[in-house]
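Student: Predicted model and sequence follow; I will ask about them next.
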Amino acid sequence: MKPILPGSTIGILGGGQLGRMFAIAARRMGYRVHALDPTPDSPTGQVADVEIEAKYDDVEAARYFASRCDVVTMEFENIPSSTVRAIEELRPVHPSAHVLHVCQHRRREKEFLSASGFAVVPFRSVDSVVALRAAIGELGLPVVLKTAGYGYDGKGQVRIDSAESVDDAWRRMGESEGVVEQFVRFERELSVICARDVEGRTRCFDVAENEHRRHILDTSVAPSRIPRALADRAQKLASDIAIALDVVGLIAVEMFLLPDGRLLVNELAPRPHNSGHWSFDACVTSQFEQQLRAVCGLPLGNPSLLSPAAIANILGDLWTVGAPRWDLAMRVPDIRLHIYGKLQPRPGRKMGHLCATASTPDAALAAVLSARQTLEPIA
Ligand code: AMP
């Protein structure tokens, strides 16, 4: 493939913060960015050269969008396959319709992983409450019931602790096709973002160690405070998955570390990931620039950390009495503030993040938490 060089136009499907940071990285390198998103003045649209407002299933709009770009990528994997196929007829698209087909659907994703020999949390596919009861009989309680389709940040999943709550959980998940999996008592949650270029070369970012609150990522620290051999194993796992899926671009692999040292894959995302946001401030090449390089057929960059780093998400919950006092957080040394430009703060909505670099991962985490603490509304 002939490299797509600076001055060319990159199309990005999706208008969220991942697209915004991608667009910032692309524009820094002299690319033009066109964004397609259903909402005007989106976080990505605010920094793109051109924002096209259209629904993701509007194939005509997608064709028009693609015709004005040299290559198309995405920051959001739930793009209908009809749209991706229409774009593929006109321009290169990364990740491909095949990768999206697998990663858009939890059951397909888990079946792909287990069929390819990757360890996942024991699960069953269920399409009725009878099947759910039978699956719980095999897996044991507690379990987590997750919708098969679109779900993120804990949306579309519910924990079931007792036989009495099965009917209620099934109703709450919309009585639709889903997967039910064992509730895992993991030691840590880890993730690895792996980039793969058009020629099949892979490069992984450092392993991130993540904490979730209410099923939403709260903090991410890199490098993870785990032994080197385990980090190597986690990175090899991500790279093997990128190869097995034939990804061009990025794949984020979320995993559970069990007390016995096993790594189970929880979820895949074929795009930049919240647990790699420290790469924007703390790596030679950020995950956003790496995605750009991969989809443009350029050499992958060096993903090494320049320093240990940690991020803490800023959710809409902090807006109880208006916007937080950003100036207070910025008093903490070595803090970077990222605000995504979302117009409406809502509880659970990711509005921005803070990133700290320090001489150790623990010190970076302590700094980012103390900066976020200053943003908490005073009761
Ligand atoms: P997911 O949307 O599947 O990534 O889940 C969001 C978060 O919920 C995960 O990062 C975990 O913290 C938690 N979670 C999901 N599935 C399980 C499970 N089977 N066992 C324990 N915790 C889980």
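Tutor: Right, received. Where do you want to start?
Student: residue contacts, the most centrally placed residue in the chain?
Tutor: Nearest residue to the geometric centre of the chain (Cα atoms, centre = their mean): His273, 3.0 Å. Going by Cβ atoms under 8 Å, 6 or more residues apart in numbering, His273 touches Leu18, Ser191, Ile193, Leu250, Ala252, Glu254, Gln287. (Glycine included, C-beta is placed from N, CA and C.)
Student: which of those come close to the ligand?
Tutor: On the criterion Cβ under 6 Å from any ligand atom, Glu254 are the entries of the contacts of His273 that sit beside the ligand.
Student: measure stretch 38-55 end to end?
Tutor: Start-to-end span of stretch 38-55 (Cα to Cα, to the nearest Å) is 5 Å.
Student: Could you pick out the residues of this protein near the ligand for me?
Tutor: By the rule Cβ under 6 Å from any ligand atom, the part of the chain lying against the ligand is 121, 144, 154, 157, 181-184, 189, 212, 215, 254, 266-267.
Student: Show me which of those are buried.
Tutor: Buried by 16 or more other Cβ atoms under 10 Å: Val121, Val144, Gln157, Glu181, Gln182, Val184, Glu189, His215, Glu254, Asn266, Glu267, out of those.
Student: Now Glu109: which helix or strand?
Tutor: helix 106-115 (DSSP states H and E).
Student: Follow the chain on from that helix and name the next helix or strand.
Tutor: Next in sequence after helix 106-115, counting helices and strands by DSSP H and E, comes strand 123-126.
Student: Just the CA trace of that next one, in PDB.
Tutor: C-alpha atoms of strand 123-126 as PDB (Å, rounded to 0.1, in the frame of the first residue of the first chain):
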ATOM      1  CA  PHE A 123     -19.800 -18.200  29.600                       C
ATOM      2  CA  ARG A 124     -23.000 -19.400  27.900                       C
ATOM      3  CA  SER A 125     -25.100 -17.700  25.200                       C
ATOM      4  CA  VAL A 126     -28.700 -17.400  26.300                       C
END
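Student: Can you list the strands that it pairs with?
Tutor: Strand pairing for strand 123-126, using DSSP bridges, gives strand 178-182 (antiparallel).
Student: Could you check how sure the model is about the helix or strand just after the strand it pairs with, as an average pLDDT?
Tutor: Using DSSP H and E, the helix or strand that follows strand 178-182 in sequence is strand 188-196. The average pLDDT within strand 188-196 is 98.
Student: Show me how far strand 188-196 is from its chain's centre.
Tutor: 10 Å (Cα atoms, centre = their mean, to the nearest Å).
Student: partner strands of it, parallel or antiparallel?
Tutor: strand 202-204 (antiparallel), strand 208-213 (antiparallel), strand 249-257 (antiparallel).
Student: hey, where'd the strands end up in the stretch 51-200 of the chain?
Tutor: 71-74, 123-126, 143-147, 157-160, 178-182, 188-196 (DSSP state E, counting those that start in this stretch).
Student: mind checking which of the ones you listed is nearest Glu109?
Tutor: Smallest distance to Glu109 across the strands of the stretch 51-200 of the chain (Cβ to Cβ): 9.1 Å, for strand 178-182.
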